[in-house]
Structures are given as structure tokens and as C-alpha cells.
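# need coordinates for the below:
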Amino acid sequence: MNIHRAHESIRHADGKIELGWLLTQHRFYVLYEHKLADVVAFRATGRRMRILCGEHELTRRNVCRNVRRNFGNGCTAMIMLVPDEPARVATRRFLQFVFPRRLWSRISILTHAGCRQQLVKLAHDSETITSVTVVERPAAADGVKTIAA
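This is a model prediction of the structure:
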């Protein structure tokens, strides 16, 4: 499996692995560095194939290019892993400014801490996880979405 790409920091590679592990725990099949996406996860839901692309974004420098490329390659939704809460809010606002709602509404932004919380929750959860859903955070006035099981 090709997890590492040339000229990539260890921090970036670790974030990709963390994101891939989370999706694997949600019963997705995961590929790393497929079609230039950090993580591509897929699974059948009914008659349709659900394809998620994951990107570990340490800065907003490549966000637009990654979003256009991933949705252009056929992903149905996207997950971005960012360092912290201020980065999550700033990235969401940036996406809302640059892209139409039909596109940015299919992008979930998750912090490292949120990803770790999901992994801990999944490790202690005895029930079978059937899907990853995108839900509104109750206290978020800026329309920020997050992953919930």
C-alpha cells in the first residue's frame, strides 16, 4: 500500500493514516494516494457505491485544488482533517465563500482531536457501525458540519 508520497512531512502522513483508520473502523475499504487523494474510501450502500475522499490539510493552500480534483474524479463526499478548531472554522468559511452550497455541503471537516474521539468511541462501542453520516453541530452558527457515527 502506498501511504507516503515524496516530499511529504511525517505529520501529514500520520494524519492520513489516522483518517484511513477512522474510515476503516466505519467499514469502508481504504486506499491511500489513489488518484492523488490522500485517502479514498468506498463501500456499497444498497445498490450504490459510496466513495469518500479524505484530505489531510495542514494549511488552506491546496484546499481548492483538492476539492475540485476529488469531486472531478467522482467522489460522492469528502472529509478534511485539519489541525484544530480554529482551522476547521476558517476552512469551512473559506469553502462556503469559494464553492456553491451543493459542493461544500458534501464536505465534512474534522479536527485531529475529533478524529481521536471518534476512534476512542468506536473502540468502546460494541454495536456494529453501519454508516458515517454528516450532521449539524448544535452550537455551530457558521454551518460547520462534523462526522458522527
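
# could you point out the longest helix of the protein?
Secondary structure assigned by DSSP state H gives helix 10-25 as the longest helix of the chain.

# distance between that one and the chain's centre?
Chain-centre distance of helix 10-25: 10 Å, with C-alpha atoms, centre = their mean, to the nearest Å.

# flag the helix or strand of this protein with the lowest per-element mean pLDDT.
strand 133-136 (a mean of 41; mean pLDDT, DSSP states H and E).

# and the longest helix of the chain, which residues are buried?
Neighbour counts over helix 10-25 (16 or more other C-beta atoms under 10 Å) mark H12, A13, G15, K16, I17, E18, L19, G20, W21, L22, L23, Q25 as buried. (Glycine included, C-beta is placed from N, CA and C.)

# direction included, what does the helix or strand just after it pair up with?
Beyond helix 10-25 in the direction of the C-terminus, DSSP states H and E gives the next helix or strand as strand 29-34. Strands that pair with strand 29-34, judged by DSSP bridges, come out as strand 37-45 (antiparallel).

# what comes up buried for the strand it pairs with?
Buried-residue list, strand 37-45, by 16+ other C-beta under 10 Å: A37, D38, V39, V40, A41, F42, R43.

# still on that earlier bit, switch the buried residues of helix 10-25 over to a markdown table; also include distance to Q117 and pLDDT.
Listed next are the buried residues of helix 10-25 as a markdown table, based on distance: C-beta to C-beta, whole Å; pLDDT from 0 to 100:
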| residue | distance to Q117 | pLDDT |
| --- | --- | --- |
| H12 | 21 | 74 |
| A13 | 21 | 75 |
| G15 | 15 | 79 |
| K16 | 18 | 83 |
| I17 | 17 | 81 |
| E18 | 12 | 82 |
| L19 | 14 | 84 |
| G20 | 17 | 83 |
| W21 | 13 | 82 |
| L22 | 10 | 82 |
| L23 | 15 | 83 |
| Q25 | 12 | 81 |
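
# sounds good, over and out.
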